[in-house]
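Q: Fold the following.
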Amino acid sequence: MFDGGLLSIGELARASGLPVSALRFYDGARLLVPAQVDPRSGYRRYGPGQVAAARLLARLRRVGMPLADMRLLLAARDDRQLVGALVAEHLARLEAGLADARRELEHVVSETDPAVTTFRVAPTELRRALGAVTFALPSGTGSHAVPSAAEDSGVLDAVLFDVDGDRLTLVATDRYRLAVSSVPVTDRTGPDGRLPVPRAALPRLAELAGEHVAGRIDGAVMRLGELRLTAQPGQYPDYRQVTASVGGQRIPTDGAALRAMLTAGPLRSVPECSGPVAALGVDAAGTLAVLDADDAGFLTAVNRDFLLDAVAAAPAGQLVLDFAGPIHPLALRDPGDPASYSILMPVRLP
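A: Numbering: from 1, shown residues only. Down below sits the predicted model:
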């Protein structure tokens with residue numbers, strides 16, 4: 001097609017894939033200046049050597065590279081290091097833009113699908129709540145640690161994410177203890193949603209960054225930012241049945257003092273319990289104490305090791321023990337955060 005002579009703007013457009021309007025724009029921007037411009041007609045003529053530059057500009061235009069970077073790349077196209085850096089920088093912009101577009105389109109789908117739950121949550125708050133409940137996951141050892149596969153099919157080897165109103169509640173349990181921690185959410189749409197996240201996927205929450213991330217529960221899949229989390233198979237138990245049975249006599253205590261008290265005892269062994277049992281109550285002075293079961297101030301008995309785990313997961317300082325009676329669960333609360341607490345099933349003493 002080329003005879004070594006100059007090319008009209010139409011010929012260069014056909015050879016490069018750039019529209020005539022783009023060639024005129026690049027001339028005005030001094031990015032691809034014609035070899036000649038007829039002073040009378042204004043017709044532009046291009047040299048055969050400009051075809052390669054025009055084709056390069058066409059590629060860069062198709063991927064949306066900014067004009068300033070196109071100018072740099074065109075001027076230094078023999079500098080492989082600079083070209084590589086400019087291309088890598090633009091790829092990063094494209095990937096970020098695609099992620100933004102994906103999130104916006106997911107919101108479009110969510111807002112038109114009444115079955116999808118969407119929200120925004122702070123990653124730092126989410127990780128704090130997760131750290132407060134994971135101690136109650138089944139440990140896989142001991143007679144009180146994990147229910148049989150036939151009973152639960154492994155569903156308890158997960159943390160439940162429960163979006164209800166303007167709160168996201170995280171729950172972990174092995175049926176002998178239960179831990180709950182709640183964080184606020186914003187921009188809620190759709191119904192309340194819940195999804196048990198498998199234990200193996202929980203470390204991925206450390207990847208979440210930023211002040212807030214978008215969350216989305218759609219059936220058996222939850223998205224948090226760029227994370228895609230699939231539900232643990234099975235039906236997670238209704239933890240509210242347990243939390244509703246808690247409440248009664250509240251006794252404040254210091255976390256460190258409680259640990260020392262539980263370590264010193266007295267303790268007892270119960271065949272049905274995997275660990276030492278502590279009988280809790282109030283002594284003659286009306287303060288919390290580890291007692292013998294036949295003492296007048298006895299309130300309830302629990303697995304001592306489970307209670308120590310709950311104390312370790314709670315914030316340091318003042319705590320509150322919530323007693324409802326010897327056959328009801330014991331709750332350990334943080335007075336500064338009423339939405340986070342632990343519950344221990346009582347141990348029946350012989």
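
Q: Number of residues surrounding residue 238?
A: Burial measure for residue 238: 9 neighbouring residues, criterion other C-beta atoms under 10 Å. For glycine as for every other residue, the C-beta is placed from the backbone atoms N, C-alpha and C.

Q: Apologies, that question was intended for residue 54.
A: Summarising burial for residue 54: neighbours were counted as other C-beta under 10 Å, giving 20.

Q: Same question for residue 164.
A: So residue 164, with other C-beta under 10 Å, has 16 neighbours.

Q: neighbours around the closest residue in space to residue 157 that isn't next to it in sequence, how many?
A: Of all residues not flanking residue 157 in the chain, residue 199 sits nearest, at 5.0 Å (C-beta to C-beta, 6 or more residues apart in numbering). For residue 199, the neighbour count with other C-beta under 10 Å is 17.

Q: What about residue 193? Give its phi and psi, please.
A: According to degrees, to the nearest 10, the main-chain angles of residue 193 amount to phi -140, psi 150.

Q: so it bridges to which residues?
A: Beta bridges link residue 193 to residue 163 when assigned by DSSP bridges.

Q: so the residue of the chain positioned farthest from its centre is in which element?
A: Taking C-alpha atoms, centre = their mean, the residue of the chain most remote from its mean C-alpha position is residue 40, at 66.1 Å. Under DSSP states H and E, no helix or strand contains residue 40.

Q: so what's it scoring on pLDDT?
A: Listed pLDDT for residue 40 reads 88.

Q: With residue 201 instead?
A: The model's pLDDT for residue 201 equals 92.

Q: Give me the neighbour count for it.
A: Neighbours around residue 201, by other C-beta under 10 Å: 17.

Q: for residue 95, same thing?
A: As a burial measure, residue 95 scores 10 neighbours (other C-beta under 10 Å).

Q: Which of the three states applies to it?
A: In three-state terms, and counting by DSSP: H, G, I helix; E, B strand; the rest coil, residue 95 is helix.

Q: I'd like to know how far it sits from residue 207.
A: Residue 95 sits 16 Å away from residue 207, going by C-beta to C-beta, to the nearest Å.

Q: Same check on residue 316?
A: Distance from residue 316 to residue 207, counting by C-beta to C-beta: 28 Å.

Q: repeat for residue 270
A: From residue 270 to residue 207 the distance is 43 Å (C-beta to C-beta).

Q: So if I had to pick from the two, which one is more boxed in?
A: When neighbours are counted by other C-beta under 10 Å, residue 270 and residue 207 differ, and residue 270 comes out ahead with 15 against 11.

Q: Next up, the contacts around residue 282.
A: The contact partners of residue 282, by C-beta atoms under 8 Å, 6 or more residues apart in numbering, come to 251, 288, 289, 297, 299.

Q: Just give me the least confident of the residues you listed.
A: Within the set of these, pLDDT is lowest for residue 297 (77).

Q: pretty sure that one contacts residue 280?
A: No: if you go by C-beta atoms under 8 Å, residue 297 and residue 280 don't touch, sitting 9.2 Å apart.

Q: Could you name every residue contacting both of those two?
A: Common neighbours of residue 297 and residue 280 are listed as 289, 291 (criterion: C-beta under 8 Å, 6+ apart).

Q: Can you pull the domain assignment for the chain?
A: 7-85, 117-230, 245-344 (automatic domain parsing).

Q: Throw these into CSV and include distance to residue 238, thanks.
A: Shown next, in CSV, are the domains of the chain (distance: least, C-beta to C-beta, whole Å):
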stretch, distance to residue 238
domain 7-85, 51
domain 117-230, 10
domain 245-344, 12
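
Q: Which one of those domains lies nearest to residue 105?
A: With C-beta to C-beta as the measure, domain 117-230 is the member of these nearest residue 105 (11.6 Å).

Q: Looks to me like residue 34 is in a helix.
A: No: per three-state DSSP, residue 34 lies outside any helix segment and is coil.

Q: What does the pLDDT read for residue 265?
A: Residue 265 carries a pLDDT score of 75 in this model.

Q: just checking, what packs against the helix or strand harbouring residue 242?
A: Per DSSP H and E: residue 242 is located in helix 240-243. On a contact count with 3 or more C-beta pairs under 8 Å, 6 or more residues apart in numbering; DSSP states H and E, helix 240-243 meets strand 177-184.

Q: how about the strand it packs on: buried residues?
A: Across strand 177-184, burial judged by 16 or more other C-beta atoms under 10 Å covers 177, 178, 179, 180, 181, 182, 183.

Q: Which strands or helices does the helix or strand that comes right after that strand pack on?
A: Next along the chain after strand 177-184, taking DSSP H and E as the criterion, comes strand 186-189. Where contact means 3+ C-beta pairs under 8 Å, 6+ apart, strand 186-189 is packed against strand 117-121.

Q: So for residue 297 and residue 280, which sits in the more crowded spot?
A: Neighbours per residue, other C-beta under 10 Å: of residue 297 and residue 280, the larger number sits with residue 280, 26 against 16.

Q: Check the spacing between the more buried one and residue 258 real quick.
A: According to C-beta to C-beta, residue 280 stands 10 Å off from residue 258.

Q: Show me the common contact partners of the two, please.
A: Here residue 280 and residue 258 have 288, 321 as joint contacts, going by C-beta under 8 Å, 6+ apart.

Q: Residue 243 against residue 342, yeah?
A: No: contact criterion C-beta under 8 Å: residue 243 and residue 342 do not qualify, at 10.9 Å.

Q: if we can go back for a sec, looking at the domains of the chain, which is closest to residue 91?
A: Using C-beta to C-beta as the measure, domain 7-85 is the one of the domains of the chain that comes nearest residue 91, at 8.8 Å.
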